[in-house]
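Student: mind looking at a prediction? Sequence and model below.
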Amino acid sequence: MDVLTLKNINADPGTAVPLKTIFGKKGISGDFRMGTVTISPGKRVPLAGVSNHAENEYSIILKGSIVTETIGKTYRVSAGEATFIPAGQEHIAYNDGTEDCEIVWVLVG
């Protein structure tokens, strides 16, 4: 078992927002990454264009809310809610609120 203290994990280099990968694994069953991200008011992920990756994305909103757009649909997702975005589906997220949005995310592929 591994136990990590989140505040001691440094942000991944080259990310527009404080994105922190907590755990990651490559294996015969596919790739797995888990982390946190804080999206401040007025910030967008990614900064330009869309996110699109080969893994399924699962997220749990811990604090605040964000707006997510994918395949022509717009969703407001708030603390206490979870999302699933299938592999290959283009998406963006932005914080149009007044407080930070804290998210735990998992990529599985």
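Tutor: Cool, the structure landed. This one's a predicted model, so the numbers in the text were calculated from it and none came from an experiment.
Student: ok, Ala16 - contacts?
Tutor: Lys43, Arg44, Val45, Pro46, Leu47 (C-beta atoms under 8 Å, 6 or more residues apart in numbering). Using the backbone N, CA and C atoms, a C-beta is placed for each residue, glycine as well.
Student: no wait, Thr15
Tutor: No residues are in contact with Thr15 under the rule C-beta under 8 Å, 6+ apart.
Student: just the pLDDT at it, thanks.
Tutor: Thr15 carries a pLDDT value of 74.
Student: and the nearest residue in space to Ile9 that is not next to it in sequence, how many neighbours?
Tutor: Spatial nearest neighbour of Ile9, excluding adjacent residues (C-beta to C-beta, 6 or more residues apart in numbering): Lys20 at 4.8 Å. By the criterion of other C-beta atoms under 10 Å, Lys20 has 19 neighbours.
Student: give me the distance between Lys20 and Val50.
Tutor: Lys20 is 22 Å from Val50, where distance means C-beta to C-beta, to the nearest Å.
Student: I'd assumed Lys20 was in a strand, is it?
Tutor: Yes - with the criterion set as DSSP: H, G, I helix; E, B strand; the rest coil, the secondary structure at Lys20 is a strand.
Student: please verify my assumption that it contacts Thr36.
Tutor: Yes - using C-beta atoms under 8 Å, Lys20 is in contact with Thr36, at 5.0 Å.
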